[in-house]
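[1] Take a look and give me a structure for this.
(one chain, ligands or ions: 3)
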Amino acid sequence: MIRRPSADASGFDALAHSRTRAPVRLVRVATLAALAATAAACGGVPAPATGSPAAASRDPQAGRPYVVMISLDGFRHDYVERFTLPTLTRMQREGARARSLVPTFPTKTFPNHYSIVTGLQAGRHQLVGNEMWDPARSRRYGIWNHAATGDASWYAGEPIWVTAERQGVKAAAFFWPTSDAAIGGVRPSRWKPYDGKVDNTARVDSMLAWLALPPAQRPHLVLGYFSDVDDAAHRYGPEALETRAAAIVVDRVLYRLRGGIAQLPFADSVTLIVVSDHGLTPVDSTLYLDDYVSLGDTTAVVATSTSAQLFYGGDRAKTERAVAALRRLPHAHVWRNGEIPERFGLRGNPRAGDVYVLMDPPFSIDRTRRPRPAGWSPGLGNHGYDNALPDMHGVFIAAGGAVRPGSTLGPLENVHVYPFIAHLLGLRPAAGIDGNLEATRPILLR
Ligand code: AMP
Ligand code: ZN
Ligand code: ZN
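    Ligands and ions are numbered 1, 2, ... in the order given. Coordinates of the predicted model:
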């Protein structure tokens, strides 16, 4: 086991953890080469667009550029203009902007954060919902359950931080869904157990402190996550004043982050990427599964407001009865597993259930009417709907390093972000991903 520093400069504990794949020899080489790397980094060496300069060095970090990627949960593609956000406006002028970042289906938080970092559609990386039932294991996954989110056996694919660490490049995440799991036995060198109450400024200052570490410990890939916009848009609606206020809060967070990055001696070699996992759309009424179908026949039910999966252990007769009954459910698409539209990538996936129900906005679905505390409200905004709906689309803005100022892209599928980051960092991407570098080549300087 390798001992790591247990606290970063902001005073937040960087959790010490074992990383079984970390080759001790590599770490020693990095330490010996620290002085040389400092010299290279402090000289503001221009960002190499490929891994060749680093590959030529014995220290895999030396001369390598930096990527900082921030997720603004629920930040819809139109918010920069709709809410007049100065930092993001400036960032897109100085860098690149896609018309939107198109999420994978379902348009939920965990599936899409994981698509962004793996380059895979949800149906291929297997994180097919914020809540899932796995019939093979008879186990339930839910994002509120830290034991489940930290259990890598739920996930397929290789997140970008695993790609980096395996190639000797350090990564750090101040929250990113799934960064608490040792995927393929590897976690980011620095990560945090999720705690939504941690102050935004503390998150930014911690990320900046990581970037100010000595070269041998300094991450070249830093991820950050802010949920203010998603929280407000769920509660007040995607176009509410409160959501605008939350967008202004995260815009200020980015102002602080950009200011801090600009102070770094290697600022020129940092690419800052801002993404979101999905947008939100207004919602009102909720419909209930058990008004239409008896749930007693099921082996499991997952109902996550915008969709539901019903499991019958493959029983044909029960499946047919449920499909016939649910066809009466209005504002809903009801498919047998084998009929789920191909474009969703879930057909044949056991975690999609025997029957898949997808609602049309502004309608939601729940299992049953249940008593709620006084004052409880389901909220005025949601996501999880068809990823073809423009309201479900998020944002992609990148600036600095190898990004061409003033460049633009059309709608960009979020699976293309992984190969983009791999390229910026000079990493060999995992094979067989759904994304490709061609999609973002127009915004690269060379
Ligand atoms: P959603 O239900 O899709 O709107 O999920 C958004 C919520 O996920 C936010 O309110 C966050 O608090 C929560 N969240 C984000 N990251 C994590 C994490 N790593 N572990 C648990 N919950 C998270
Ligand atoms: Zn989200
Ligand atoms: Zn949300």
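
[2] and the stretch 251-400 of the chain, which residues reach ligand 2?
    Residues of the stretch 251-400 of the chain lying close to ligand 2 by Cβ under 5 Å from the ion are Asp277. Every residue, glycine included, has its C-beta placed from N, CA and C.

[3] And the helices in the stretch 251-400 of the chain?
    All helices of the stretch 251-400 of the chain, identified by DSSP state H, counting those that start in this stretch, fall at 316-326.

[4] Strands of that one, residue ranges please.
    In the stretch 251-400 of the chain, the segments counted as strands under DSSP state E, counting those that start in this stretch are 270-275, 281-282, 286-288, 300-303, 307-311, 332-336, 355-359, 364-366, 381-382, 396-399.

[5] Reformat these as TSV; add mean pLDDT.
    Output for the strands of the stretch 251-400 of the chain, formatted as TSV (pLDDT from 0 to 100):
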stretch	mean pLDDT
strand 270-275	98
strand 281-282	98
strand 286-288	97
strand 300-303	98
strand 307-311	98
strand 332-336	98
strand 355-359	98
strand 364-366	97
strand 381-382	98
strand 396-399	98
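
[6] Out of those, the one nearest ligand 1 is which?
    Ligand 1 lies closest, by Cβ to the nearest ligand atom, to one member of the strands of the stretch 251-400 of the chain: strand 381-382, at 8.0 Å.

[7] Could you pull out the strands in the stretch 51-200 of the chain for me?
    66-72, 96-102, 131-134, 139-142, 171-174.

[8] And the fourth one, what's buried?
    To tie it back to what came earlier, the one meant is strand 139-142. Tyr141, Gly142 (16 or more other Cβ atoms under 10 Å).

[9] That strand and ligand 1, are they touching?
    No - shown here: strand 139-142 not in contact with ligand 1 (Cβ under 6 Å from any ligand atom), separated by at least 9.2 Å.

[10] residues in contact with that strand?
    Gly129, Asn130, Glu131, Met132, Trp133, Asp134, Ala148, Thr149, Trp154, Ala300, Val302 (Cβ atoms under 8 Å, 6 or more residues apart in numbering).

[11] Go again with 7 Å.
    Glu131, Met132, Trp133, Asp134, Ala148, Trp154 (Cβ atoms under 7 Å, 6 or more residues apart in numbering).

[12] Which one of those is nearest to Leu380?
    Glu131 (21.5 Å; Cβ to Cβ).

[13] I'd say that closest one and Val302 touch.
    Yes - using Cβ atoms under 7 Å, Glu131 is in contact with Val302, at 5.3 Å.

[14] who has more neighbours, the two?
    Set side by side, Glu131 and Val302 show more neighbours around Val302, with 22 against 18, by other Cβ atoms under 10 Å.

[15] Tell me the bridge partners for that one.
    Assessed by DSSP bridges, Val302 has beta-bridge partners Gln309.

[16] Equivalent analysis for Leu287, please.
    Those that pair with Leu287 in a beta bridge, by DSSP bridges, are Ile365.

[17] So what's the residue count around the residue lying closest to Ala303 once chain neighbours are set aside?
    With sequence-adjacent residues excluded and distances taken as Cβ to Cβ, 6 or more residues apart in numbering, Ala303 is closest to Arg367, at 4.7 Å. As a burial measure, Arg367 scores 15 neighbours (other Cβ under 10 Å).

[18] most neighbours, which of the contacts of strand 139-142?
    Most surrounded of the contacts of strand 139-142: other Cβ under 10 Å gives Met132, at 25 neighbours.

[19] remind me which residues of the protein are low pLDDT?
    Applying pLDDT under 70 to the chain flags residues 1-57.

[20] Look through it and report the residue furthest from the middle.
    Relative to the centre of the chain, and counting by Cα atoms, centre = their mean, the farthest-placed residue is Ala317 at 38.6 Å.

[21] gap between the helix or strand hosting Ala245 and the chain center?
    Element membership for Ala245 (DSSP states H and E) is helix 241-262. Offset of helix 241-262 from its chain centre (Cα atoms, centre = their mean, to the nearest Å): 19 Å.

[22] can you check stretch 424-436 too?
    16 Å.

[23] Show me which positions of that stretch end up buried.
    Result for stretch 424-436 [16+ other Cβ under 10 Å]: buried residues Leu424, Leu425, Gly426, Leu427, Pro429, Ala430, Ile433, Asp434, Gly435, Asn436.

[24] what does stretch 289-304 give?
    By 16+ other Cβ under 10 Å, the buried positions in stretch 289-304 come out as Leu289, Tyr292, Val293, Thr298, Thr299, Ala300, Val301, Val302, Ala303, Thr304.

[25] and the residues you listed as CSV, adding distance to Asp354?
    Output for those, formatted as CSV (distance: Cβ to Cβ, whole Å):
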residue, distance to Asp354
Leu289, 14
Tyr292, 16
Val293, 12
Thr298, 9
Thr299, 9
Ala300, 10
Val301, 11
Val302, 12
Ala303, 15
Thr304, 17
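
[26] Give me the most central residue, this structure.
    Centre-most residue of the chain, counting by Cα atoms, centre = their mean: His113, 1.7 Å.

[27] Please name the residues that touch the closest residue to it other than its chain neighbours.
    Leaving aside its sequence neighbours, His113 sits nearest to Pro177 (Cβ to Cβ, 6+ apart; 4.0 Å). Residues counted as contacts of Pro177 (Cβ under 7 Å, 6+ apart) are Thr109, Phe110, His113, Tyr114.

[28] and the gap between the third one and Thr319?
    As for His113, its distance to Thr319 is 32 Å (criterion: Cβ to Cβ, to the nearest Å).

[29] how close does the residue nearest to Ser377 when sequence neighbours are not counted get to Met359?
    Nearest in space to Ser377, with sequence neighbours left out and distances taken as Cβ to Cβ, 6+ apart, is Arg235 at 7.8 Å. Note on Arg235: its distance to Met359, by Cβ to Cβ, is 19 Å.

[30] The two: which is more packed in?
    Met359 (24 against 16).

[31] ok, back up a step: between the strands of the stretch 251-400 of the chain, which one is closest to Arg258.
    strand 270-275 (6.7 Å).

[32] Please name the strands paired to the closest one in the sheet, noting orientation.
    Partners of strand 270-275 in its sheet, by DSSP bridges: strand 66-72 (parallel), strand 396-399 (antiparallel).

[33] Mean neighbour count added to those, as CSV?
    CSV is the format used below for the strands paired with strand 270-275 (neighbours: other Cβ atoms under 10 Å):
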stretch, mean neighbour count
strand 66-72, 26
strand 396-399, 27
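
[34] Let's have these in TSV, adding distance to Ile143.
    Listed next are the strands paired with strand 270-275 as TSV, based on distance: least, Cβ to Cβ, whole Å:
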stretch	distance to Ile143
strand 66-72	14
strand 396-399	23
